[in-house]
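[1] below: sequence and its predicted model.
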Protein chains: 2
Amino acid sequence: MSILVVGSVAYDTLETPEGRREDILGGAATHFSTAASFFTDVHLVGVVGDDFQDEHVEFLKGRGINLAGLEVVTNGKTFRWSGHYLNDLNQAETRQTDLGVFADFDPKLSEGDKERPYLFLANIHPSLQLKVLEQMKAPRLTAMDTMNLWIDTTRDELQKVIERVDMIFVNDAEARALSGRGNVTLAARRIMEWGPKTVVIKRGEYGALVYQGDMVFFSPAMPMERVVDPTGAGDTFAGGFMGYVAKAGSTGTGDLKRAAVLGGVMASFQVEDFGLDRMRRLTHEEIDGRFAEFSELASFDRSPVFSK
Amino acid sequence: MSILVVGSVAYDTLETPEGRREDILGGAATHFSTAASFFTDVHLVGVVGDDFQDEHVEFLKGRGINLAGLEVVTNGKTFRWSGHYLNDLNQAETRQTDLGVFADFDPKLSEGDKERPYLFLANIHPSLQLKVLEQMKAPRLTAMDTMNLWIDTTRDELQKVIERVDMIFVNDAEARALSGRGNVTLAARRIMEWGPKTVVIKRGEYGALVYQGDMVFFSPAMPMERVVDPTGAGDTFAGGFMGYVAKAGSTGTGDLKRAAVLGGVMASFQVEDFGLDRMRRLTHEEIDGRFAEFSELASFDRSPVFSK
């Protein structure tokens, strides 16, 4: 079943210990869509300037991503972000942000998009997230991402969004800041009390924790010998996760666990090259291959030690 | 098969957000022995003063731990450590250390102990670790722990120990400091080049990574709602790990993975109460029960997504 994603499409200039790239395709909605497109139909709602290049439109369309909801603003400039990971691959340091046309982003959904069964609200201002939620007719599953900026500055609006979604993706620090609880399990339980049935804690190289009711899943991450560019890994994780959920049409425990592992699989490919370069050449066979590697990585003989 | 452990037996005074305890039984060798004793015979080599209390001798003996190698120094004082975890449960802050009789610890093994098949060198000065190693006749498996202090101050001696053991337990930061490599997988590979066939990276609440040859295992940790006292969790992990390895008599991939999970199981019990209080009432049935919970926590349907 198809997913609607609303969020940023951007050009990134970034530097990592492995090199530097200028104005490469990025943005949360872009990374999410690309990862999810390996599993299901994706409809992207976002905004770019008329400097957005044809080759990038072609790449996204080539991945089967529907761009009817991608507004192109004449005489506008696409959102640009510049940052580096020179000291710590886990944490980008922003050098410059130029919102461009994204500053006036005001997502209006088409009649078709209002009917999509799955919705992912990428990390944008909570008031925009709320606006999108209010336009949806009867989604099967709504999910959101956020960031510390909104937790710190627009807490009330953010709270309203959280109370209305089914699933939230946050990292450890965001879960703690949101909930005011230092323990990540207690943080997840607090957030579930507000509404979301599922809380996904992204922990980068340490994998992820998925909470749903009383269920907890410890999702593995592949130890990488080389991380070329971590940009977009979190959105790629969410894209793989939600893409699989939409494909399976289920958030039962079994499918939810597989979704989390597949999020990790997609993120493990994502960091192997700059921007979307690894995604451009990724195949379903490779995804299945790495999924099998994740299985090996995390599986063990479950028979009891003492009892017969 | 039986394990020989050489290391500290101590009295700890500690404070955590859950409370304060004074002069409770602790020390790396104590925690390791207690955890390992649920799986196999343990022989402890260490030193205490004549202030070491009978009830603690009885506790250790009650767990089946052989104390023939525990030297008692007349008019000596047992090693005392005092610390707190008020700001961060992952990192103890030391308030005071009084080595007492441990300052002159000079482990001399009995003929019986020289013949033990499994050896664990808890975190003590590398020159003492080397001395113990040199006394061993023909161990099946030797393993060691260490800490940043020795990495920083006695690197040459530490290196000699590492080159002679089969297995090493370190945390992320220690692996990086030892290897000079920021990437934990490259760090583990570098350490394996020096000699150890198995490198175990302890990551606290994030579980552990086990490297052996080309095999990597992502071992889960139970997300705990409440951590009462993290003291000794790392030694307890190593005790459960080595205890299972000695019980199984194998470091084949399958047993090694189970050993790591059982290390996590034992550590998850350890942090539930102060000092050794949880261990005092722990049963084999509870260990099997939590092992089953770890299996649920980390298991997922491994069938491929795309291929048939």
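    Done, it's in. Residues are numbered from 1 along each chain as shown, chains lettered A, B, ... in the order given.

[2] mind telling me what element A:L158 is part of?
    A:L158 belongs to helix A:155-164 when elements are defined using DSSP states H and E.

[3] give me the contact list for that helix.
    Applying C-beta atoms under 8 Å, 6 or more residues apart in numbering or on different chains, the contact partners of helix A:155-164 are A:121, A:125-127, A:129-130, A:133, A:142, A:144, A:146, A:150-151, A:168, A:178, A:191, A:194-196. The C-beta positions use only the backbone N, C-alpha and C, and glycine is treated the same way.

[4] stretch A:172-192 now?
    Counting by C-beta under 8 Å, 6+ apart, stretch A:172-192 makes contact with A:146-148, A:151-152, A:162, A:168, A:170, A:198-199, A:201, A:203, A:209, A:211, A:213, A:216, B:205, B:223-227, all of which sit outside it.

[5] relative to chain B, how far out is A:P304?
    Distance, A:P304 to chain B, by C-beta to the nearest C-beta, to the nearest Å: 4 Å.

[6] residues near that residue, how many?
    14 (other C-beta atoms under 10 Å in any protein chain shown).

[7] could you look up the SS state of the residue lying closest to it once chain neighbours are set aside?
    Among residues not flanking A:P304 along the chain, B:D288 sits closest, at 4.2 Å (C-beta to C-beta, 6 or more residues apart in numbering or on different chains). Three-state assignment for B:D288 (DSSP: H, G, I helix; E, B strand; the rest coil): helix.

[8] and what of A:L119?
    Secondary structure for A:L119, judged by three-state DSSP, is strand.

[9] what's the neighbour count on it?
    Summarising burial for A:L119: neighbours were counted as other C-beta under 10 Å, giving 29.

[10] do the one 10 residues further on as well
    A:Q129 has 29 neighbouring residues, counting by other C-beta under 10 Å.

[11] output the contacting helices and strands for the helix or strand hosting it.
    Using DSSP H and E, A:Q129 sits within helix A:126-135. With contacts taken as 3 or more C-beta pairs under 8 Å, 6 or more residues apart in numbering or on different chains; DSSP states H and E, helix A:126-135 sits against strand A:3-6, strand A:118-121, helix A:155-164.

[12] try 10 Å this time
    Applying 3 or more C-beta pairs under 10 Å, 6 or more residues apart in numbering or on different chains; DSSP states H and E, one finds that helix A:126-135 makes contact with strand A:3-6, helix A:111-114, strand A:118-121, strand A:141-145, helix A:148-153, helix A:155-164.

[13] quick check: mean pLDDT of the third one?
    Here the mean pLDDT over strand A:118-121 is 98, rounded to a whole number.

[14] strands paired with that strand, and their directions?
    Each strand pairing with strand A:118-121, determined using DSSP bridges, is listed with its direction: strand A:3-6 (parallel), strand A:141-145 (parallel).

[15] tell me which parts of the stretch 1-150 of chain A are close to chain B?
    Residues of the stretch 1-150 of chain A found near chain B, taking C-beta under 10 Å from any C-beta of the partner chain as the criterion, are A:P17, A:F38, A:F39, A:D88, A:L89.

[16] nearest to A:S110, of the residues you listed?
    Nearest to A:S110 among the residues of the stretch 1-150 of chain A next to chain B: A:F39, at 22.5 Å, using C-beta to C-beta.

[17] does the closest one really touch A:M242, like I thought?
    Yes: using C-beta atoms under 10 Å, A:F39 makes contact with A:M242 at a distance of 8.4 Å.

[18] comparing those two, which residue is more hemmed in?
    Ranked by neighbour count (other C-beta under 10 Å), A:F39 and A:M242 place A:M242 first, with 29 against 25.

[19] export whichever strand or helix holds that one as CSV, just CAs?
    Secondary structure assigned from DSSP H and E places A:M242 in helix A:233-248. In CSV, the C-alpha atoms belonging to helix A:233-248 read as follows (Å, rounded to 0.1, in the frame of the first residue of the first chain):
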residue,chain,number,x,y,z
ALA,A,233,20.8,7.5,7.7
GLY,A,234,17.9,8.2,10.2
ASP,A,235,15.5,9.1,7.4
THR,A,236,16.6,6.1,5.4
PHE,A,237,16.0,3.9,8.5
ALA,A,238,12.5,5.3,8.8
GLY,A,239,11.9,4.8,5.0
GLY,A,240,12.9,1.2,5.1
PHE,A,241,10.9,0.6,8.2
MET,A,242,7.7,2.3,6.9
GLY,A,243,8.2,0.9,3.4
TYR,A,244,8.2,-2.6,4.8
VAL,A,245,5.2,-1.9,7.1
ALA,A,246,3.2,-0.5,4.1
LYS,A,247,4.2,-3.5,1.9
ALA,A,248,3.3,-6.0,4.6
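
[20] what's the angle between it and strand A:141-145?
    170 degrees (axes from the mean of the first three to the mean of the last three C-alpha atoms, to 10 degrees).

[21] after helix A:233-248, next one along is what?
    Towards the C-terminus, the helix or strand next in line after helix A:233-248, according to DSSP H and E, is helix A:253-270.

[22] which strands and helices sit next to that next one?
    Using 3+ C-beta pairs under 10 Å, 6+ apart, helix A:253-270 sits against helix A:28-36, strand A:198-202, strand A:208-212, strand A:215-219, helix A:233-248, helix A:277-280, helix A:284-298, helix B:284-298.

[23] centre of the chain to it, how far?
    12 Å (C-alpha atoms, centre = their mean, to the nearest Å).

[24] picking that back up, buried residues, the helix holding A:L158. List them.
    Using 16 or more other C-beta atoms under 10 Å in any protein chain shown as the test for burial, helix A:155-164 gives A:E157, A:L158, A:V161, A:I162, A:R164.

[25] which among those residues gets closest to B:L25?
    Proximity to B:L25 was ranked across the buried residues of helix A:155-164 by C-beta to C-beta; first place goes to A:I162, at 45.5 Å.

[26] what pLDDT does the closest one get?
    Predicted confidence (pLDDT) for A:I162: 98.

[27] got it, and A:N90?
    Residue-level confidence at A:N90 comes out at 79, pLDDT.

[28] please apply the same query to A:K308.
    Per the predicted model, pLDDT is 66 at A:K308.

[29] so who does A:R95 touch?
    Going by C-beta atoms under 10 Å, 6 or more residues apart in numbering or on different chains, A:R95 touches A:T13, A:L14, A:E15, A:W81, A:S82, A:G83, A:H84.

[30] do I have it right that the fifth one meets A:E15?
    Translated: A:S82. Yes: using C-beta under 10 Å, A:S82 is in contact with A:E15, at 8.7 Å.

[31] between the two, which contacts overlap?
    Taking C-beta under 10 Å, 6+ apart as the criterion, A:S82 and A:E15 both touch A:E22, A:R95.

[32] quick check: A:S82 is in a strand.
    Yes: according to three-state DSSP, the state of A:S82 is that of a strand.

[33] I'd like the distance between the nearest residue to A:T74 once chain neighbours are set aside and B:Q129.
    Closest residue to A:T74 apart from its sequence neighbours, by C-beta to C-beta, 6+ apart: A:D50 at 5.3 Å. Applying C-beta to C-beta, to the nearest Å, the value for A:D50 to B:Q129 is 68 Å.

[34] in the stretch 51-200 of chain A, what residue is nearest chain B?
    Of all residues in the stretch 51-200 of chain A, A:T185 sits closest to chain B, at 4.4 Å by C-beta to the nearest C-beta.

[35] residue contacts, A:V261?
    A:207-208, A:210, A:217, A:219-221, A:240-241, A:244, A:290-291, A:294-295, A:297-298, B:300-302, B:305.

[36] please list only the buried members of the residues you listed.
    A:207-208, A:210, A:217, A:219-221, A:240-241, A:244, A:290-291, A:294-295, A:297-298, B:300, B:305.

[37] which pLDDT does the model give the residue lying closest to A:V101 once chain neighbours are set aside?
    Across the structure, with C-beta to C-beta, 6+ apart as the measure, the residue nearest A:V101 apart from its sequence neighbours is A:G76 (3.8 Å). A:G76 is assigned a pLDDT of 97 by the prediction.

[38] pretty sure A:G76 is touching A:G100, no?
    Yes: shown here, A:G76 and A:G100 form a contact pair, counting by C-beta under 10 Å, at 6.3 Å.
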